[in-house]
Each structure stands twice: as C-alpha cells, then as structure tokens.
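*Asks:* Model the following, please.
(one chain, ligands or ions: 1)
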Amino acid sequence: MTQKHSSWTRRAFLKAACATGASSALPFNNFSALASDEVIAVPTRPFGKSGIEVPILGFGTSLHVAFSQLLLKQAVKWGVTYWDTANTYMGGNSEKAIGKYFAKYPADRKKVFLVTKSHAWNADGRTRDLNLSLERMQTDYIDLYFAHGVWSADELDAQTKSWAQKTKAEGKIRFFGFSTHSNMAECLLGAAGLGWIDGIMLTYNYRLMHSDDMRRAVDGCVRAGIGLTAMKTQGGGQVQTDSATELELAGRFLQKGFTDGQAKLKAVWQNPQIASICSEMPNMTLLMSNGAAALDKTQLSTRDLSLLQQYAKETRSAYCTGCTANCESCVEGEAPIGDVMRYLMYCNSYGDDKLAADGFNKIPQKIRSRLTRLDYSRAERNCPQGLPIAKLMQEAKKKLEIT
Ligand code: SF4
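*Replies:* Coordinates of the predicted model:
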C-alpha cells in the first residue's frame, strides 16, 4: 500500500495516539483489572497431551536475584505461573532468583509449571546441569526439561531418549523436550515422529506462522500431542511510523486500545495450537502490559492480520528467520550466522546490549576472529530474507565484541 492510498496519515496516527493516551507505556485494556485487588488470572490452555493446563502467558525469566522477588510474586498473583529459565541465564542467577522465591514461598512451587534447559549434549553433562538447577531453584523436580537450542532433529538421538526416560522415572523431571530457534520447522517435524518429546519451545511469530512449512510442522506436533510454546513473538523491534503500512497498523491498534507489542502477542494467541507464549518480562510495566493483553478478549480482525503480514513482507530484510540450513553450509569455515543474527536482534531491536554481547562473546575467539573475513556471497544468494549477511557480521563484531 502506498502513502497515497492509505487512509492513515501521520496526522491521523498522532490524533489517535493523543486520544488514547499512547504516550503512556502502560496498556490500555484491563490495566485497571490488574491493578485492583480482584482475584484474576490469565486464561489457560492444555499443554499437548500432558494433562496439564498452562497459562497462555509464560514468564521468561532472565532475572537478577535482588530485583526479581516482587515480579515473581506478582506473576503468581496474576496466574502467570509458567516460568521458563535456563542454567546459563544471568550466569545462573536467574535460577538462584527462583530458588530464593521458592525458599520464601514454598507453597507456590506446586502452582508453578517450571521449565529449565541445558546445553549439554551427553547424559553425564545433562545430569550434572540438572542437579545444579534443582539445587539452585530449591526444588526436587522440574516440570519440563529442555535440551537447549536444538538446530536439527538428528540431535534427538537414542541416548537423549534414554536419558529423558531414566530421569523421568527417577522423578527429577516430569516432561522432556527442547527449545529451538534454528530450522524450527524441520526440528518440529522430526520431533513429531519420535513419540517421546512432550514439549517444544520455538521461535514463532506473525512473520513465521503463515509459511506452509511452519503450518505443517505445527500441525504434526499437535497431532503427536506435543505441547508448543512460542518465543520471540515480537519478531524484531517495535512497529515504527515510517511507511503507510506501519502508520495504519499502529493507528488501528491504538484505536482498539492496545500497543503493537500486545497485538503481536494476540496474533500468536489466535492460533489455538500454541499453548503458551514465553515472554521475557524484566520489569513490572511489561508484565502488566502482557498480562493485560492475555486477559483482553479482543480478537485481531482479518484486516489487522493481513496488515501484519504486509508489514512482515515489507520489512523482511530486517529479520532473520533462523533457517540456518540455508546459509551456514554455504560458507567455507564455521560461521554461526543464525546465532550472530539473534545477538544483533537483542541489541538492535530489544535494546538489550548486555544479553547481545554476552551471547556474541561466548562464540569461541578462533571463530569470532575469522567471522568478518569469510566469503558470504553464496549464503547471501541463498538467504530467503535477502539479508546482507557479510555487512551484518561486520556490524555484530563492531558493536558486540568485547576486546
Ligand atoms: S541469514 Fe538468511 S538464510 Fe541465514 S538463517 Fe537468517 S534468514 Fe535464514
């Protein structure tokens, strides 16, 4: 849509923003319900065939021990009781923050569906990581344990299966699965055929959810009874006001009383196949905003959804979809392109420079030092999003490397 044909001009957008009080960072819908003493809880959905109902809004916890307790208490109050962490988040402090909370409020442990993850790729490493997570979180079981960052279904091998079965039998974990932000559709389809994967957390948002591959993969998992949790649902940064589509999108959402961030959550929730959204909520404002969106029953209209798709199309070269099978094999030498793109997104779209730098600097020095000298021309030709990979590798190194 061109500026000329859009009914949304910058002036109309600003008028709507003034009328709704958009300068506030707080949500418009259900804010008063959250702020009252009324007992309210976000809705729940079944998590695959586990027999467990989980809240549609999960708490992605990268937490500081000191600042987290009030947030966790409030999350329980609003029924945001699916907590996701990992043994590496905040150098282990995120799990310690949860442990501190359970030590103070032991009765809340049973209310929480607790998820953590390990990068270990053998049984001994995984057992070591799990025991440390249990100790840090002051609990004797994890509800759902994830292999962290699976990028190919081949990783889901026989020794992983037998570890999962043995650890379930010991009562240390109730369910097992994996998280993935690379080659998600392939990983999901592979898992759907295995019969021993209970849950998957995948990158899933308005940019990715409409492709045939993703639809097939999600259908397969749902048929196999695998519970699905969406992460990275914002699909990059905030909608700006630079194009006619962006103006119309932002203006429409404002008139309906929610932000573009809330609208992106709604787009995912409108697919009932997704049990929960795991959202990083480092402060009360975001917890309230997302909680309000979860409580709000307004559905996005067909026009809203098609505008989001149009926006995704227009801004596709600014978003990496994690299809690393398309690019990483086209480079002579090791280049974790998908990981680097994700760290850049943390920095450029989420404004989380620390998370971005922490991730980038964990890439072995030998690989980092060669990153900007590799030839990415074949990878760029193969990238369905048309990303300028070589330029972005330079940008990442310049912005994120700690020398
Ligand atoms: S850079 Fe392109 S090909 Fe590589 S993972 Fe991202 S979108 Fe896919």
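
*Asks:* Would you list the phi and psi of His210?
*Replies:* Geometry field for His210 lists phi and psi as phi -100, psi -10, criterion degrees, to the nearest 10.

*Asks:* To what extent is the residue nearest to it when sequence neighbours are not counted buried, counted in neighbours?
*Replies:* Among residues not flanking His210 along the chain, Gln309 sits closest, at 6.4 Å (CB to CB, 6 or more residues apart in numbering). For every residue, glycine as well, the C-beta is placed using N, CA and C. Other residues near Gln309 come to 16 when the count uses other CB atoms under 10 Å.

*Asks:* from now on call the first residue 47
*Replies:* Will do, 47 is the new start, and the previous item becomes Gln355.

*Asks:* Which other helices and strands does the longest strand seen in the chain contact?
*Replies:* Among the segments of the chain that qualify as a strand by DSSP state E, the longest is strand 219-226. Contacts of strand 219-226 with other secondary structure elements, assessed using 3 or more CB pairs under 8 Å, 6 or more residues apart in numbering; DSSP states H and E, are made with strand 188-193, helix 204-215, helix 230-238, strand 245-249, strand 273-277.

*Asks:* got the buried residues for that strand?
*Replies:* Neighbour counts over strand 219-226 (16 or more other CB atoms under 10 Å) mark 219-226 as buried.

*Asks:* Stretch 393-411 now?
*Replies:* Neighbour counts over stretch 393-411 (16+ other CB under 10 Å) mark 393-396, 398, 401-406, 409 as buried.

*Asks:* now swap in stretch 228-242 and tell me
*Replies:* In terms of neighbour count (16+ other CB under 10 Å), stretch 228-242 has its buried residues at 228-238.

*Asks:* Now do stretch 181-192: everything it contacts.
*Replies:* By CB atoms under 8 Å, 6 or more residues apart in numbering, the list of residues contacting stretch 181-192 from outside reads 98, 131-133, 138, 141-142, 144-146, 148-149, 155, 158-164, 176, 179-180, 210, 213, 217-225, 244-245, 247.

*Asks:* For ChimeraX, write a command that selects the buried ones of those.
*Replies:* One line in ChimeraX is enough to select the buried members of these, burial here meaning 16+ other CB under 10 Å:
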select :98,131,132,133,138,141,142,144,145,146,148,155,158,159,160,161,162,163,164,176,179,180,210,213,218,219,220,221,222,223,224,225,244,245,247
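
*Asks:* before we move on, back to that, what's the longest strand of the chain in contact with?
*Replies:* Contacting residues not belonging to strand 219-226 are listed as 96, 163, 176, 187-197, 201-202, 210, 213-214, 233-234, 237, 242-249, 272-273, 277 [CB under 8 Å, 6+ apart].

*Asks:* Please apply the same query to stretch 89-104.
*Replies:* Looking at stretch 89-104 with CB under 8 Å, 6+ apart, the contacting residues turn out to be 87-88, 125-130, 159, 161, 189, 220-221, 244-245, 267-268, 271-275, 311, 315, 318, 321-325, 336-337, 339-341.

*Asks:* how does it look with 6 Å?
*Replies:* Stretch 89-104 is contacted from outside by 88, 125-128, 130, 159, 221, 244, 271-273, 315, 321-324, 336, 340, using CB atoms under 6 Å, 6 or more residues apart in numbering.

*Asks:* In helices, which of those residues fall?
*Replies:* 315, 336, 340 (DSSP state H).

*Asks:* Count residues in the vicinity of the last one, would you?
*Replies:* With neighbours defined by other CB under 10 Å, the count for Ala340 comes to 24.

*Asks:* I'd say it and Val88 touch.
*Replies:* Yes. Counting by CB atoms under 6 Å, Ala340 touches Val88, with 4.0 Å between them.

*Asks:* what's the neighbour count on Arg419?
*Replies:* Around Arg419 there are 8 other residues, counting by other CB under 10 Å.

*Asks:* From the ligand, how far out is it?
*Replies:* Using CB to the nearest ligand atom, to the nearest Å, one gets 18 Å for the distance from Arg419 to the ligand.

*Asks:* Which residues are in contact with whichever residue of the stretch 97-246 of the chain sits closest to the ligand?
*Replies:* Going by CB to the nearest ligand atom, the ligand is nearest to Ser228 of the stretch 97-246 of the chain, at 7.2 Å. Under the criterion of CB under 6 Å, 6+ apart, the contact list for Ser228 reads 197, 368, 370, 384.

*Asks:* Now Gln157: closest residue in space, sequence neighbours ignored.
*Replies:* Slight slip there: residue 157 is Lys, not Gln. For Lys157, the spatially nearest residue (CB to CB, 6+ apart) is Thr127, at 5.1 Å.

*Asks:* on that earlier part again, closest to Lys443 among the contacts of Ser228?
*Replies:* Ranked by distance to Lys443 (CB to CB), the contacts of Ser228 are led by Gly384 at 16.0 Å.

*Asks:* Which pLDDT does the model give that closest one?
*Replies:* According to the predicted model, the pLDDT of Gly384 comes to 95.

*Asks:* Contacts for whichever strand or helix holds Gln440 next, please.
*Replies:* Element membership for Gln440 (DSSP states H and E) is helix 435-446. Contacting residues not belonging to helix 435-446 are listed as 386, 389-390, 402-403, 406, 417-418, 422, 425-426 [CB under 6 Å, 6+ apart].
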